[in-house]
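Engineer: Sequence and predicted structure below; questions after.
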Amino acid sequence: MDYSISEIAAALDARLFGDGSVRVSGAAEPSAAGKTDLALALKPEYAEGLKAGRARAAVIWEGADWQALGLEAAIVVPRPRYAMSGVTRLFDPGPEIAPGIHPSAVIDPSAEIGEGAAIGPFAVIGRGAVIGPNARIASHVSIGAEARIGADAILLEGVRICRRVTIGDRFLAHPNCVVGGDGFAFVTPEKSNVEEARGTLGASETRRAQSWTRIHSLGGVEIGDDVEIGCGATIDRGTIRATSIGRGTKIDNLVHIGHNCEIGEDCLLCGQSGLAGSVRVGNRVVLGGKVGVSDNIFIGDDVVAGGASKIFTNVPAGRAILGHPAIKMDAQIEATKNIRRLPRLFRDVKALQKAVSMTGETD
């Protein structure tokens, strides 16, 4: 599908310069753009790339001289990177899932399939499941008994939605994510070595042979509208109450959310971050890649945790944190600077010791 530059500008609510009738069929980086591509020249550093490429039209930064850049047409937006969301949406054809129900799909007779839903090859939909209108379910997806999925959902290849999971509208699940697996909860008949270590902070070295007994997961998972879950991410069901994910939250690849967690609205959980059981997260929280959160921690609204941070204590609302253990970001950066200064400090102290020692010998 191709679009005129005037159509794209209208879709982005952006300013158009030059010939709006120029048509493009895709988007590209400036240096690689051909004549039918819309170049994404989002900042001045891309000017040289535009000269190297063959684009006739581009999205350019505020204040750029589109004619001097050799363009026939240009779209100017105040926040070019945000414009990428609109441009990529226009050119994304979406997954190829044929309308209707594929003959190889296995659907329990008690399941309810909404009007306009498309179900791909080898999908399995369990007893009493409810699939909303216009949902698109790709090949090899399984949906467990009594699960409910809202309207306009997209479940890509290999997604697993387990029993009694409830999901809102416009849900997007990327390949091989799992929602509603059992929580990782085990207990010992006697006080465990873990409890002993925690209680004494490792002071006691008493250890005993022990075996683990599963605590079964009776709760479900509840997910709000407009949630996205990345490839290979896992969300465990609750032990008694449901694990919950708030409206608009986006979860990256390989993220793990433990049983009983409560995640607020519009959060962003980046790749390989992991939340232990019963963590509560406020609204608009951002956890960078590989952030780890201990069990039963509370993280307030609008917290930003830098990549690889490890959170062992509650975090008040609005705080930016970093490090292992995570502390205020500015304090962590200052501490890191101080660590880098230590070798020089040691050299200076050694020189002072030597000078003092030599002075004493002279006296």
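Structural biologist: That came in fine, so what should we check first? Numbering: from 1, shown residues only.
Engineer: isn't residue 176 right up against residue 229?
Structural biologist: No - with contacts defined as Cβ atoms under 8 Å, residue 176 does not count as touching residue 229, sitting 10.4 Å away. In this view, the C-beta of every residue, glycine as well, is placed from N, C-alpha and C.
Engineer: Compare those two (neighbour count), which wins?
Structural biologist: residue 229 (28 against 17; other Cβ atoms under 10 Å).
Engineer: Please name the residues that touch that one.
Structural biologist: Taking Cβ atoms under 8 Å, 6 or more residues apart in numbering, we find residue 229 in contact with 171, 172, 173, 174, 177, 179, 235, 251.
Engineer: Relative to residue 318, how far out is it?
Structural biologist: As for residue 229, its distance to residue 318 is 26 Å (criterion: Cβ to Cβ, to the nearest Å).
Engineer: Equivalent analysis for residue 246, please.
Structural biologist: 18 Å.
Engineer: of the two, who's got more company?
Structural biologist: With neighbours defined as other Cβ under 10 Å, residue 246 and residue 318 compare such that residue 246 has more, 22 against 12.
Engineer: Show the average pLDDT along stretch 130-146.
Structural biologist: In this model, stretch 130-146 has an average pLDDT of 98.
Engineer: Not counting sequence-adjacent ones, nearest residue to residue 323?
Structural biologist: residue 332 (3.9 Å; Cβ to Cβ, 6 or more residues apart in numbering).
Engineer: just checking, the one you found touches residue 324?
Structural biologist: No - judged on Cβ under 8 Å, residue 332 makes no contact with residue 324 at a distance of 9.2 Å.
Engineer: As CSV, the contacts of residue 229 with secondary structure, pLDDT and neighbour count would be great.
Structural biologist: Output for the contacts of residue 229, formatted as CSV (DSSP: H, G, I helix; E, B strand; the rest coil; pLDDT from 0 to 100; neighbours: other Cβ atoms under 10 Å):
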residue, secondary structure, pLDDT, neighbour count
171, coil, 98, 26
172, strand, 98, 16
173, strand, 98, 29
174, coil, 98, 20
177, coil, 98, 24
179, strand, 98, 31
235, strand, 98, 26
251, strand, 98, 29
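Engineer: With respect to residue 155, which of the residues you listed is nearest?
Structural biologist: Nearest to residue 155 out of these is residue 173 (Cβ to Cβ; 4.8 Å).
Engineer: for that closest one, what are its contacts?
Structural biologist: When contacts are counted by Cβ under 8 Å, 6+ apart, residue 173 touches 153, 154, 155, 156, 159, 161, 179, 228, 229.
Engineer: show me the contacts for the nearest residue to residue 120 once chain neighbours are set aside.
Structural biologist: Leaving out its chain neighbours, the residue that sits closest to residue 120 by Cβ to Cβ, 6+ apart is residue 139, at 4.3 Å. Contacts here follow Cβ under 8 Å, 6+ apart; on that basis residue 139 touches 102, 120, 121, 122, 123, 157, 158.
Engineer: So residue 139 lies in a helix, does it not?
Structural biologist: No - if the criterion is DSSP: H, G, I helix; E, B strand; the rest coil, then residue 139 is coil and not within a helix.
Engineer: Give me the buried entries from the contacts of residue 173.
Structural biologist: When the contacts of residue 173 are checked for burial by 16 or more other Cβ atoms under 10 Å, the buried set is 153, 154, 155, 156, 159, 161, 179, 228, 229.
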